[in-house]
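1. What shape does this take:
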Amino acid sequence: MPIYHKLGQIPAKRHTVFRKPDGNLYAEELVSTEGFSSLYSLVYHCHPPTIVKHLGEAYSVEPKIAREKHLKHTSLIGFNIKPEDDFLKSRKAVLVNSDLHIVLAAPRKSMTDYFYKNSQADEMIFVHEGSGKLKTGFGEIKFAYGDYLIIPRGTIYQMEFDTEQNRLFIVESFSPLRPPKRYLNQFGQLMEHAPYCERDLRLPENLQTFDEYGDFKVLIKKQGLIYPYTYGTHPFDYVGWDGYHYPYAFSIHDFEPITGRLHQPPPVHQTFEGHNFVVCSFVPRKYDYHPDSIPAPYNHSNVDSDEVLYYVDGDFMSRKSVVKGQITLHPGGIPHGPHPGTVEKSIGKEKTDELAVMIDPFKPLMLTQDALDIEDENYHKSWQINIE
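-> Predicted coordinates for the structure are as follows:
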């Protein structure tokens, strides 16, 4: 994020002597992206972050591709993913390509006996149900329904849930996940026409320093494998840090919709972007105010991209029989559009209460076996009308 932030104790100058009260040095660590050419933070540890006591056998969590090539409008009933106690085991990748993985999760338990680090992808965790704290060495971030948690790659974290009722929609991005460039000025500040601003972002707070020796299990994901590391010091032993590379939260409820006299295209809903894909937020908003406007979206041939919609809440004027947690995938190459009768029904309506997250990837998505297990096999027939 293009916001400088700091917490805890840091020396006046970087790469200089910074001692503990007992006279020993704190351990400085540079956490940098794109080599030394992009966002970074400087972290000060009580102990070097390199004390490995044991390295376990790596195991695969690579998604099992079940439908690699397809040209079929697809619907997945996301809440049919069964809850599991463990956070990582609950994560089920359903739609994947070489740029991102789309994952559903329903964890019941907080992470208490291990820490997790995704070293291959930034993570966007959208909280559909549940609340709690994201805990990292950078500090804590409280989360609740509707929050996007943006966790940059390399961040060691734990999820602490308030209850066992949790539903998460997760995007693993193999490129940096950032606000759209057109919303940023040359200095990285969000501009006046952006649908959200820095005031809406919630940064880490309540930095706690865990100066502890012991056996600390950190599960590290890299290239589809989980590597079980055991470190000799607590991974949250930060005494202070500063920089631009850290996790943050943004609530979909703070996204300010851009409306017009006629139907606005999906780019006005864009919230984040990665390489070869965008993330959009559809939120409650006033409808188009031209006297002859048609609020329902028109038929659309997405020639260059797939389109994924994750339905969160509310009524959707262009769809029939939508349920919470449903995912629709409209692949590039064939048109999709409003269900029969919904266009006429939308005329004269003044607002919508829909809430949804959209992902548009520019490489085709593949379906995993976990996706096929929750597929509505007849969704592609839902546009049928009686033409006899």
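
2. Pick out the residue closest to the middle of the chain.
-> By Cα atoms, centre = their mean, the chain has its centre lying nearest to Met124, at 1.5 Å.

3. Nearest residue to that one in space, please, no chain neighbours.
-> Closest residue in space to Met124, ignoring its immediate chain neighbours: Val171 at 4.3 Å, by Cβ to Cβ, 6 or more residues apart in numbering. Yep, even glycine has a C-beta here, placed from its N, CA and C like the rest.

4. thinking again about what came up before, is it true that the residue nearest to the centre of the chain touches Phe277?
-> No: checked against Cβ atoms under 8 Å, the pair Met124 and Phe277 is beyond contact range at 10.9 Å.

5. shared neighbours, the two?
-> The contact sets of Met124 and Phe277 overlap at Ser173 (Cβ atoms under 8 Å, 6 or more residues apart in numbering).

6. can you pull out the strands in the stretch 151-300 of the chain?
-> For the stretch 151-300 of the chain, applying DSSP state E, counting those that start in this stretch gives strands covering 156-161, 167-173, 201-202, 213-222, 225-233, 238-243, 248-251, 270-274, 277-282, 285-286, 300-301.

7. Mean pLDDT added to those strands, as CSV?
-> Below are the strands of the stretch 151-300 of the chain laid out as CSV (pLDDT from 0 to 100):
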stretch, mean pLDDT
strand 156-161, 98
strand 167-173, 98
strand 201-202, 96
strand 213-222, 98
strand 225-233, 98
strand 238-243, 98
strand 248-251, 97
strand 270-274, 96
strand 277-282, 96
strand 285-286, 86
strand 300-301, 87
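
8. Export these to a markdown table and append columns for mean neighbour count and distance to Lys133.
-> A markdown table is the format used below for these (neighbours: other Cβ atoms under 10 Å; distance: least, Cβ to Cβ, whole Å):
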| stretch | mean neighbour count | distance to Lys133 |
| --- | --- | --- |
| strand 156-161 | 21 | 4 |
| strand 167-173 | 23 | 14 |
| strand 201-202 | 18 | 12 |
| strand 213-222 | 16 | 18 |
| strand 225-233 | 17 | 22 |
| strand 238-243 | 20 | 16 |
| strand 248-251 | 20 | 11 |
| strand 270-274 | 21 | 22 |
| strand 277-282 | 23 | 23 |
| strand 285-286 | 15 | 31 |
| strand 300-301 | 13 | 40 |
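
9. for those strands, which one sits closest to Leu71?
-> Leu71 lies closest, by Cβ to Cβ, to one member of those: strand 300-301, at 12.6 Å.

10. Next, the angle strand 167-173 makes with the helix or strand that that closest one is followed by.
-> Going down the chain from strand 300-301, the next helix or strand is strand 307-313, by DSSP states H and E. With axes from the mean of the first three to the mean of the last three Cα atoms, to 10 degrees as the basis, strand 307-313 and strand 167-173 are set at 150 degrees to each other.

11. just to revisit the earlier point, the inter-axis angle of the host helix or strand of the residue nearest to the centre of the chain versus strand 307-313?
-> Secondary structure from DSSP H and E places Met124 in strand 122-129. Relative orientation of strand 122-129 versus strand 307-313 (the same axes, to 10 degrees): 30 degrees.

12. For whichever helix or strand comes after strand 122-129, name the packing helices and strands.
-> Next along the chain after strand 122-129, taking DSSP H and E as the criterion, comes strand 132-136. Judged by 3 or more Cβ pairs under 8 Å, 6 or more residues apart in numbering; DSSP states H and E, the packing partners of strand 132-136 are strand 139-143, strand 147-151, strand 156-161.

13. So which of those is nearest His380?
-> strand 147-151 (30.1 Å).

14. How many neighbouring residues does Leu42 have?
-> 19 (other Cβ atoms under 10 Å).

15. beta partners for it?
-> Leu30, Asp242 (DSSP bridges).

16. Could you pull up the residues touching it?
-> Taking Cβ under 8 Å, 6+ apart as the test, what Leu42 contacts is Ile10, Arg14, Glu28, Glu29, Leu30, Val31, Trp241, Asp242, Gly243.

17. tally of neighbours for the third one?
-> If I follow you right, that is Glu28. Using other Cβ under 10 Å, Glu28 is surrounded by 16 other residues.

18. same check, this time on Ile258
-> 14.

19. what does Gly56 give?
-> So Gly56, with other Cβ under 10 Å, has 12 neighbours.

20. surely it meets Ile226?
-> No: the criterion here is Cβ under 8 Å, and Gly56 misses it with Ile226 at 9.1 Å.

21. Which secondary structure element is home to the nearest residue to Arg67 once chain neighbours are set aside?
-> Leaving aside its chain neighbours, Arg67 sits nearest to Leu367 (4.1 Å; criterion: Cβ to Cβ, 6+ apart). Element membership for Leu367, per DSSP H and E: strand 366-368.

22. which secondary structure elements does that strand contact?
-> Applying 3+ Cβ pairs under 8 Å, 6+ apart, we find strand 366-368 packed against strand 65-67, strand 92-96.

23. residue contacts, the nearest residue in space to Thr271 that is not next to it in sequence?
-> Spatially, and ignoring its direct neighbours in sequence, Thr271 is nearest to Ser281 (4.6 Å; Cβ to Cβ, 6+ apart). Contacts for Ser281 (Cβ under 8 Å, 6+ apart) come out as Ile252, Phe255, His269, Thr271, Ala356, Val357, Met358.

24. And those residues, which is the shakiest by pLDDT?
-> Lowest pLDDT among those: His269, with 90.

25. Thought Ile252 was touching that one, still the case?
-> No: His269 lies out of contact with Ile252 (Cβ under 8 Å); the separation is 10.5 Å.
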